[in-house]
Each structure stands twice: as C-alpha cells, then as structure tokens.
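In: Got a sequence here, can you model it:
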Amino acid sequence: MASLNVGNLGEYLREQRRNAQLSLRQLADAAGVSNPYLSQIERGLRKPSAEVLQQVAKALRISAETLYVRAGILDAERDRDEVETRAVILADPSLNERQKQVLLQIYESFRKENGFGVGEPAAGEEAGDPAQDRDVDSGAADGHGADADPRRTAG
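Out: Residues are numbered from 1 along each chain as shown. Have a look, this model is predicted:
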C-alpha cells in the first residue's frame, strides 16, 4: 500500500465516523467532499488540505485542531496559542494554500525573533512574568482576571 504516513488520521476519522453512526457516503455528503476521496483519506492514501479537514471536523462535530495534529499540519507539542493561530490561518477560506504557507512562515520567523522557538515555552513562563502567572493561577484566560484576584490573595 502506498501510504503517505497519514494512516493515523485515516484510522481516527474512520473511528469518529463510526462513532457518529455515519456511512462513508453520508460523511462525504455532509463534509462536501467526494465519497472516493474520503475513502482514500481513511485508507491513508491521500493527505487532505486544512480546509477539507475543517469540513470533515465540522460534519463530525469534532475539533478541527485534533485533525490538524493527526494530519501532521500542527505539532501537538506547541503551546495552545500558537496552535490556535496556525489553525485559524489554515482554515481561512479567503487565502490560497501558498498564501497560508507564506503567512505561517512569517509568523514563525516573528516568533523566533521574539524568543519563542518551535516547541519552546513562552517567554512569560521562563521569566516568571507576573501577568502570565496571574492568568494561569486564576484560570482567567478569558480576560476576567480581576474576578479571580481576591481568591489569589486569599490563599
């Protein structure tokens, strides 16, 4: 079999499709891709684009990010902010594949320039940035850090 090292993705998709009790044809229709193409993805013979993965994820009601990681588009070890940024770029339907790759290269070069290499912890984590610590300690990633400050000083 001429696998493209995306068998893990295909097996995972097949498992998710079966869990959702969908036939291959039903999922292909819901995702807007052809039945033979989806079959080839499941068998590890095709590597789908980020857009196709997003459509399949939406049809299965699962995280597109999970599919990106399984497809090798995103590295599971990278921090969540970077993963989300990359996922948004890859999922943008207004950009073509070349533009997305250029944007990702520019993004990565800026991260390296600012001391955030691939797979490295954020600078705030290394330096013990108080703002970073407050958000992590309070679980206030949603921007409601002020609500958590009394709890932080209490204990």
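In: Check which residues of stretch 86-103 are buried.
Out: 86-87, 89-91, 100, 103 (16 or more other C-beta atoms under 10 Å). Heads up, the C-betas are built off the backbone N, CA and C, glycines and all.
In: quick one: average pLDDT of it?
Out: Mean per-residue pLDDT for stretch 86-103: 90.
In: What is the end-to-end distance of that stretch?
Out: 9 Å (C-alpha to C-alpha, to the nearest Å).
In: got it, and stretch 23-42?
Out: Stretch 23-42: ends 12 Å apart by C-alpha to C-alpha.
In: do the same with stretch 11-26
Out: End-to-end distance of stretch 11-26 (C-alpha to C-alpha): 17 Å.
In: which parts of it are buried?
Out: So for stretch 11-26, counting by 16+ other C-beta under 10 Å, buried means 12-14, 16-17, 22, 24.
In: Identify those among the residues you listed that sit within helices.
Out: 12-14, 16-17, 24 (DSSP state H).
In: now, which of the residues you listed sits nearest Glu113?
Out: Nearest to Glu113 among these, counting by C-beta to C-beta, is Tyr12 at 35.1 Å.
In: Alright, that wraps it up for me.
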